Structure formats: structure tokens, C-alpha cells
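Asks: Compute the structure for the input listed below.
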Amino acid sequence: MNRRDFFMSSLAAALATSLADLRALAASAPVAGGIEAVTGSGAKVALTAAELQELRDSLRGALLLPGQPGYDEARRVLNASIDKHPALVVQPTGAADVRTAVSFAKQHGLLLAVKCGGHSYAGKSTCDGGMQIDLSHFRGARVDPEARVAYVAGGSLLGELDHETMSLGLVTTAGTVSHTGVGGLALGAGFGRLARRLGLTVDNIRSVDIVTADGQLRRASAEENPDLYWGIRGGGGNFGVVTYFEFTLHPMQRQVTGGELVFPIARARELLEFYADFSVDAPDSLYCDAVMTAPRGGKPGVFLLSVCHSGTPADAERDLAPLRKLGQPLKDSIGPVDYVRLQRSWDRTDPRNEGEYLKSGFINDFPAQLVASILGGFQADPTRSTTVFFQHSGGAIGRVAPDATAFPHRRSKLNLFATTSWDLTADGTPHVRYVKEYWAQLQRFTDGYYTNESADEAQRFVDENYQGNIGRLTGIKNRYDPGNLFRLNTNVKPTV
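Replies: Model prediction:
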């Protein structure tokens, strides 16, 4: 390491230490005065200095108020166009702090947001004027290799889970971006590079510890509180804050076959038609996404196929042979790769340091008209990036009954997304309008949407999206959260 690198690394370490010291000082300082907050219904409520001090004194983690060190970092989510300001932020270090925060929020009727990885496109893990529970200080994963079970703290990121499990030759379905929060992914459904082989993340949840709206810590499994166990597997954050997950693990070799083929966007029609057949007929061990994107700034658009084959090298060579017949790509990175490295390979494609808007929907089949609609409405624009992509579904996902868990969309073969991003200094209104108008041409081919990627759906569409499971979900909501404390999600509204 040269002198400059040493100096810069030392300075960075010193700054990080100073920030940590400032946060600790802010967390322990007396509360100077009361604040105004908002309730779940939007009414204003006054929180006195004494009440806030009592809350702070009862926490092991931090209570952050506006203007204090760490507050702005905590309130932020990855979609940088979401700029909300909670009245207070609690950073639990364990289940006891989560119980304290939830009880305080319920006592005062506060609007409540729960943040794990901050990946919600719609910004539902932060709020204006309410309480945010930021789980970023409540992380860690432990593996029992004999029982093939992972025990994961509620604020953990997927990369922590993959790192610990794969070191022991074990794995479970865990998304496609390593800095995604485990909680948000797992409770909504949990797609990923192994879902076609091992099922969704919800299909691999053995149990959870969860703090419900009454502040109680409950265990939910097939044997304990089975109704709650059913509901959290696809019902999102509607029923409480999960403090610990137990996941079933599966043996898998560390090396898989993965990477991308990149082609000029001019071949989009041919490649979409190819993908329609290739994706539907793929074996369970093959996962393949398709992405068509026109970057901001007028750069040439591309069409890429991103794969992960978790079978043997011989099977991978056979199953990927059709890709090799597509002709010379602009780039070919497909080959043997460490699975954890592959799981991190898209981390830089999801920085969210721009404004973003997204719509999504499940595809049960792939008619020719869908290809025409995708191409007909796709418009490049130098002031924004425009992307349409498919996430591979089917396989083991579809061999689970729609009512076995709260997640009903078992018939889907693909998940279709249309998204745009723009420079934060620009007005995002025309770009959001474009995606909404574009999506209006594509929505007729879809059958519901992935709740983890929901944006601004009206309540009737939310209810319809849970399909035949909405009645049972409403009953569970009535039992565990009748006051709808946990409403910043794809909300199941209570009826009591």
C-alpha cells in the first residue's frame, strides 16, 4: 500500500469512527424537547420530551431525532427520489428493542415504517412524520450444518446469508442482489437464482420470531401459531416485525455456471421470441433473465440474457447449448463462477442513486402479442434510462398449491418489469407518466403483481392481487393487527 492509499484508508477509518462516536453521543444525550408526529390516519400527535426520554432510556439501540448524526442515513431508502422525514427513528439491536418500539408506536397511534435493506421501490420503509424502525443494526446469520438450518436476524442482508451458508456447502433461495434485506424479500415471496430449483424463499421458511402489533414476541411455525406462519409467507409486513428467521438449507456445490450474453438492442424481437420458448421449457436447475435497456445519455441500447445453471457442468453445457446458437454477442461472460460471487454480480446495477419508477406483473404464458406490445411501446430517451426485463419463475415455484402459503401466484412462468430512472436534478414526472402509459399496454398480459415491487396500486387491486387468499389474510390481520399499525406495505386492511 502506498502512502496516499494508507493516508486515505486511515482517514476513512477515522471518519467512520468519528461518525460512530457522534451517533453514540446523540443516542445517549438527553432529549431537548417534544416533537410533533403523525398517526396512521394522518392526524397530528404531540410527543413530549419526557415520553421520548423514556423511550430512549428503554432502548439498547439508538433513538434518532431529526438533525442528529445518523438520522439522514437511516431515513434514506435506495430509491433516491423518495425523500421522507420520520419524526423519530429507532435502531433496534435485538427483539427487546423491537418490542419497545412497536409498543410505543401503538400507544401513540404512530404511522410506522419498517426498514431492512431499503429496497422498496415505493419507499414504504420510510415515512413522513411517523416512526421508522431501522433494522440495520440488527444483523447476523448462523448455520447449523447438521440440521441444515440457517438462523438469520431480522435486519440481515442476503449477502450475509449466502456467505455463511455457502461456506458450508449449503444454500437457500436468496434473491439476485446481495444488499437486499432478508425480511422484505422473504415475507413477500422471495424470488432468486435458485427459486426454480429450490422454491421461493417463503417455501424455505421453517419458522419466524415476530413482534406483532400488541408488542408481543411470538413464534410462528407449522406447529405454533400456524395461521400467522401461513400469513407471513407471502403476506409481507402486514402482521409484524420479524426478529429471526429459520430457513431450510439445501446442499449445493459452490461453483455454478453463470454470466451474461449481451447483444445489440436491434435484435430485440428475435431474442424476445427466442426467450419466450427457451424460458418456459428450461429445466429447474436453469435460471435465465432477459433484459432490454436503453441507457440515459443516448448510449446504445442492449439486450442481455443473464443465466445461473446450478446443475453439473455437463448438464449446463447441454441446457445452455441453444444460447450458443444465437450468434456472436457483444459480450459473453458465461462460464464457471463462484455462486456467492454471482449473487453479488448485480449489486452495482441496483445503486438507486437516481430517481426510479417501476411497474411489474406476472406472466402465465408468452403470446406473440406480448412481444409486439413490448417493442411497440418501448421508447429510448436520452434524459432517462428505459428498461424492460423478465425474471424467471416456474419450475419448483409452480409445484406448490396457491393456498399453501399466502403467496398465490404459482402459475407464473415469468415476472415482467417496466422501469425508468432519471437524474435527481431533473423532473421525474414525464418519466413516471411514460412508464404508466407503457404499462397500460402490457398489463393485459399479466395476472397480478409481485407485492415486493408494488408502487401505487389502489386498494381494490391490492385485494385482487392476493386472489383467493385475501379472505384468510383479512382474518389473520383482524386477529393480530386490528388497528392496522403495519400499513406501509401491500396492505391487507382489517375489517374489525
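Asks: Tell me the spacing between Ala46 and Ala87.
Replies: Ala46 is 10 Å from Ala87, where distance means CB to CB, to the nearest Å. Heads up, the C-betas are built off the backbone N, CA and C, glycines and all.
Asks: Give the residues shared as contacts by these two.
Replies: Contact criterion CB atoms under 8 Å, 6 or more residues apart in numbering; residues shared by Ala46 and Ala87: Ile35, Glu36, Ala37.
Asks: Who does the first one form a beta bridge with?
Replies: With DSSP bridges as the criterion, the beta-bridge partners of Ile35 are Leu47.
Asks: which phi and psi does Gly231 have?
Replies: Backbone geometry at Gly231, expressed as degrees, to the nearest 10, gives phi -70, psi -40.
Asks: For it, which non-adjacent residue is closest in space?
Replies: Ile476 (4.2 Å; CB to CB, 6 or more residues apart in numbering).
Asks: May I ask which of the shared contacts of Ala46 and Ala87 has the most neighbours?
Replies: Ala37 (23 neighbours; other CB atoms under 10 Å).
Asks: Can you classify it as helix, strand or coil?
Replies: strand (DSSP: H, G, I helix; E, B strand; the rest coil).
Asks: what about stretch 431-449, average pLDDT?
Replies: Mean pLDDT, stretch 431-449: 96.
Asks: Which positions in that stretch come out as buried?
Replies: The neighbour-count check on stretch 431-449 (16 or more other CB atoms under 10 Å) flags His431, Val432, Tyr434, Val435, Tyr438, Trp439, Gln441, Leu442, Phe445, Thr446, Gly448, Tyr449 as buried.
Asks: Secondary structure and distance to Leu185 added to these, as TSV?
Replies: As requested, those are exported to TSV (DSSP: H, G, I helix; E, B strand; the rest coil; distance: CB to CB, whole Å):
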residue	secondary structure	distance to Leu185
His431	helix	26
Val432	helix	25
Tyr434	helix	28
Val435	helix	23
Tyr438	helix	26
Trp439	helix	23
Gln441	helix	29
Leu442	helix	24
Phe445	helix	25
Thr446	coil	21
Gly448	coil	18
Tyr449	coil	16
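Asks: quick one: stretch 210-222 to chain centroid distance?
Replies: Here stretch 210-222 is found 22 Å from its chain centre; the criterion is CA atoms, centre = their mean, to the nearest Å.
Asks: now stretch 135-143
Replies: The chain centroid and the centroid of stretch 135-143 are separated by 16 Å under CA atoms, centre = their mean.
Asks: That stretch spans what distance, first to last residue?
Replies: With CA to CA, to the nearest Å as the measure, the ends of stretch 135-143 fall 21 Å from one another.
Asks: ok, Gln255 - contacts?
Replies: Shown in contact with Gln255 (CB under 8 Å, 6+ apart): Pro336, Val337, Asp338, Tyr339.
Asks: Buried ones among these?
Replies: The neighbour count (16+ other CB under 10 Å) marks Val337, Tyr339 as buried among the contacts of Gln255.
Asks: quick one: which two of the contacts of Gln255 are the most distant?
Replies: Among the contacts of Gln255, the pair separated by the greatest distance (CB to CB) is Pro336 and Tyr339, at 10.5 Å.
Asks: what sits in contact with each of these two?
Replies: By CB under 8 Å, 6+ apart, the residues touching both Pro336 and Tyr339 are Gln255, Val256.
Asks: returning to that earlier point: among the contacts of Gln255, which lie within helices?
Replies: Per DSSP state H, helices hold the following members of these: Tyr339.
Asks: Export the contacts of Gln255 to a markdown table and append columns for distance to Gly183.
Replies: Converted to a markdown table, those look like this (distance: CB to CB, whole Å):
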| residue | distance to Gly183 |
| --- | --- |
| Pro336 | 32 |
| Val337 | 28 |
| Asp338 | 26 |
| Tyr339 | 22 |
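Asks: Now tabulate the contacts of Gln255 in TSV and tack on pLDDT.
Replies: What follows is the contacts of Gln255, written out as TSV (pLDDT from 0 to 100):
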residue	pLDDT
Pro336	98
Val337	98
Asp338	98
Tyr339	98
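Asks: of all the contacts of Gln255, which comes closest to Asp57?
Replies: Nearest to Asp57 among the contacts of Gln255 is Tyr339, at 45.1 Å by CB to CB.
Asks: what's the spacing between the closest one and Thr172?
Replies: Using CB to CB, we find Tyr339 at a distance of 12 Å from Thr172.
Asks: Which positions within stretch 71-88 qualify as buried?
Replies: When burial is assessed from 16+ other CB under 10 Å, stretch 71-88 yields the following buried residues: 71, 74-82, 84, 86-88.
Asks: Phi and psi next, for Thr451.
Replies: Reported as degrees, to the nearest 10, the phi and psi values for Thr451 are phi -60, psi -30.
Asks: That one contacts Gly188, doesn't it?
Replies: Yes - counting by CB atoms under 8 Å, Thr451 touches Gly188, with 4.9 Å between them.
Asks: thinking again about what came up before, mind checking which of the buried residues of stretch 71-88 are in strands?
Replies: When DSSP state E defines the strands, the subset of the buried residues of stretch 71-88 inside them is Leu88.
Asks: So which of the buried residues of stretch 71-88 are in helices?
Replies: When DSSP H defines the helices, the subset of the buried residues of stretch 71-88 inside them is Tyr71, Ala74, Arg75.
Asks: Nearest to Phe366 among these?
Replies: Nearest member of these to Phe366, counting by CB to CB, is Arg75, at 40.7 Å.
Asks: per-residue confidence at that closest one?
Replies: pLDDT, Arg75: 95.
Asks: ok so, going back, please tabulate the ones in helices among the buried residues of stretch 71-88 in CSV and include distance to Asn204 as additional columns.
Replies: As requested, these are exported to CSV (distance: CB to CB, whole Å):
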residue, distance to Asn204
Tyr71, 36
Ala74, 30
Arg75, 32
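Asks: what's the closest non-adjacent residue to Leu59?
Replies: Sequence neighbours aside, Asp97 is the residue nearest to Leu59 in space, at 5.2 Å (criterion: CB to CB, 6+ apart).
Asks: Okay, and the one you found sits in which element?
Replies: Using DSSP states H and E, Asp97 maps to helix 95-108.
Asks: chain center to that helix: distance?
Replies: For helix 95-108, the gap between its own C-alpha mean and the chain's C-alpha mean amounts to 24 Å (CA atoms, centre = their mean).
Asks: can you check stretch 481-496 too?
Replies: Computed by CA atoms, centre = their mean, the chain-centroid distance of stretch 481-496 equals 20 Å.
Asks: that older thread, could you dump the strand or helix carrying the residue nearest to Gly231 to PDB, C-alpha only?
Replies: Using DSSP H and E, Ile476 sits within helix 470-480. This file holds the C-alpha atoms of helix 470-480, laid out as PDB (Å, rounded to 0.1, in the frame of the first residue of the first chain):
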ATOM      1  CA  ILE A 470     -57.400 -12.400   0.700                       C
ATOM      2  CA  GLY A 471     -60.200 -13.700   2.900                       C
ATOM      3  CA  ARG A 472     -57.900 -15.800   5.100                       C
ATOM      4  CA  LEU A 473     -55.400 -12.900   5.200                       C
ATOM      5  CA  THR A 474     -58.000 -10.500   6.400                       C
ATOM      6  CA  GLY A 475     -59.000 -12.800   9.200                       C
ATOM      7  CA  ILE A 476     -55.300 -13.100  10.300                       C
ATOM      8  CA  LYS A 477     -55.000  -9.300  10.100                       C
ATOM      9  CA  ASN A 478     -58.100  -8.900  12.200                       C
ATOM     10  CA  ARG A 479     -56.600 -11.100  14.900                       C
ATOM     11  CA  TYR A 480     -53.000  -9.800  15.000                       C
END
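Asks: Cool, thanks, signing off.
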